[in-house]
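In: Fold the following, please.
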Amino acid sequence: MAARVAAGAGGGDGPPLLDDLMPWSVRPLRTGRPWVTAPDAASLRARWDLLVRAEGAEQERLFRSSPSRTPLTPAAALPGRFTGTGGFARDPGPYPEPVRILHGPFDEHWMIPDHRLLDAARPELWRVADAHQLFAVEHGYVPRGGGPALSVTALLPDGHSPAGRPGRIRPLYRRPGAQEPNLAPGLPDLLRSRYGDAAGAESVLAWVLAAARPSPSGPVVPLPANGDLWAEGVALGREVMRVQLRGAHGGGRPRLPGGRRPYVRMAIPPRPDGLDYDPGTGTLALGTGRISPVPAGAWEFRVNGVRVLDLWWGRRTTPSGAEGLAALCPPGWPQEWTSELLELITVLALLDELAPQQEALRDRLDADPGLTRDGLRGAGVLPAPRSSRRPASVLDHHEEGPEGQFVLL
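Out: Take a look at the predicted model:
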């Protein structure tokens with residue numbers, strides 16, 4: 001595979017990178033303090049209330065200041081959010097309702113959407129996050145790590161990486177309302193000329209989900225010469241997308257066929273003391289609780305070499321040595337966590353069943369003389385212009401900046 005050169009520059013006879021096809025990307029969010037996100041919303045409210053009641057040095061200790069944020073740091077309100085913009089210690093304002101986010105691959109959390117609490121919230125993502133938006137989230141590259149190169153979500157993703165090597169976040173659209181696809185200029189026309197009308201923005205994203213391979217340079221996305229192969233890959237990618245979106249965009253929530261759906265066989269205790277799996281019976285044990293049937297493929301599903309169910313479990317048990325606001329967690333096991341776990345098992349099982357089809361598609365692409373980076377350059381698609389790698393100007397209303405000043409973009 002050709003070595004990656006500077007984004008949008010250089011050539012090569014290898015397949016294009018996702019960075020070539022979807023030029024605008026954003027770095028992962030950096031919260032700066034772990035207590036601003038949680039698997040449950042109630043804990044966030046308890047943490048906020050405790051921080052508001054604290055004063056002086058105690059508030060400073062709980063806040064966990066960084067070079068970017070202290071209790072006295074003003075910050076612009078996040079797009080679409082109405083929070084205080086002066087220092088938190090002077091006027092915290094009312095509690096902002098938490099928002100649902102994707103915390104790393106396949107794990108949904110809650111976040112306090114107050115910019116004064118977040119080191120790097122990436123406002124450009126918040127500006128384009130609406131009911132029409134989809135985000136492609138790269139998982140980063142870990143040698144021999146295994147697992148998909150990226151995932152898709154309709155939630156705002158934080159881009160967290162299980163192995164600590166995060167990739168980029170790529171919105172499908174550069175403007176709200178599904179306006180201006182985040183595709184290299186000239187690419188849509190080129191794809192339509194090769195594959196027909198089935199080459200719109202969501203079709204391209206579906207193809208990426210089906211065909212992308214991880215690499216040190218970012219996901220590699222072969223583009224086939226064979227139009228039938230493109231159609232098959234898009235159909236496969238749309239099914240991957242439907243499963244990962246979990247009912248968003250009208251796709252219907254993922255379900256396993258009757259007889260294979262996981263159920264709670266023994267109630268999960270208030271404080272389950274461990275997670276284990278019995279491959280012989282297909283049973284997942286959470287302390288004395290039991291869930292089955294759980295396919296082995298769901299249990300073994302990994303991203304960057306890390307088992308997803310282990311990650312999910314670890315984030316819902318109080319870490320050893322946790323202190324301050326981050327130690328405020330539910331007193332027991334919330335019922336909604338059980339429902340979320342059953343759905344996650346279903347998602348992972350379905351994705352595992354689709355994986356052989358994705359591998360077969362990639363094997364066929366190895367023998368397909370598709371579009372190379374040089375071919376895209378010859379067609380005028382590469383290099384992508386610098387403007388396509390920057391956020392679009394989407395400000396159609398005032399945004400409140402630090403200390404109540406208007407943001408100028």
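
In: what's the closest non-adjacent residue to Arg315?
Out: Excluding its sequence neighbours, the residue lying closest to Arg315 (C-beta to C-beta, 6 or more residues apart in numbering) is Pro39, at 5.8 Å. Every C-beta, even on glycine, is put in place using the N, C-alpha and C of the backbone.

In: residues touching that neighbour, list them.
Out: Counting by C-beta atoms under 8 Å, 6 or more residues apart in numbering, Pro39 touches 107, 109-110, 315-316, 337.

In: and if you look at Asp368?
Out: Here Asp368 is in contact with 222, 224-226, 229 (criterion: C-beta under 8 Å, 6+ apart).

In: That one belongs to a strand, doesn't it?
Out: No - using DSSP: H, G, I helix; E, B strand; the rest coil, the secondary structure at Asp368 is coil, not a strand.

In: State the pLDDT value of the residue nearest to it when sequence neighbours are not counted.
Out: If the residues on either side of it in the chain are set aside, Asp368 comes closest to Pro224, at 4.6 Å by C-beta to C-beta, 6+ apart. Reported pLDDT at Pro224 in the predicted model: 96.

In: Against Gly167, how distant is Pro224?
Out: For Pro224, the distance to Gly167 equals 24 Å [C-beta to C-beta, to the nearest Å].

In: thinking again about what came up before, the residue nearest to Arg315 and Pro16, how far apart?
Out: For Pro39, the distance to Pro16 equals 37 Å [C-beta to C-beta].

In: Equivalent analysis for Asp368, please.
Out: 14 Å.

In: again, but for Glu202
Out: Taking C-beta to C-beta as the measure, Glu202 falls 19 Å from Pro16.

In: that older thread, give me the subset of the contacts of Pro39 lying in strands.
Out: The strands, defined by DSSP state E, take in 109-110 from the contacts of Pro39.

In: Which positions in the helix or strand hosting Glu60 come out as buried?
Out: For Glu60, the element it lies in under DSSP states H and E is helix 56-63. By 16 or more other C-beta atoms under 10 Å, the buried positions in helix 56-63 come out as 59, 62-63.

In: Same list, these, but as a markdown table with distance to Val243 and pLDDT please.
Out: Output for these, formatted as a markdown table (distance: C-beta to C-beta, whole Å; pLDDT from 0 to 100):
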| residue | distance to Val243 | pLDDT |
| --- | --- | --- |
| Gln59 | 44 | 97 |
| Leu62 | 40 | 98 |
| Phe63 | 39 | 98 |
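
In: How about the backbone phi and psi for Gly297?
Out: The phi/psi pair for Gly297 (degrees, to the nearest 10) reads phi -60, psi -30.

In: Can you get me a residue count around Ala235?
Out: 15 (other C-beta atoms under 10 Å).

In: Phi, psi for it please.
Out: Torsion angles, degrees, to the nearest 10, at Ala235: phi -60, psi -40.

In: Could you do the one 5 residues further on as well?
Out: When quoted as degrees, to the nearest 10, the phi and psi of Val240 stand at phi -60, psi -40.

In: contacting residues around it?
Out: The contact partners of Val240, taken as C-beta under 8 Å, 6+ apart, are 152, 206, 209-210, 351, 354, 358.
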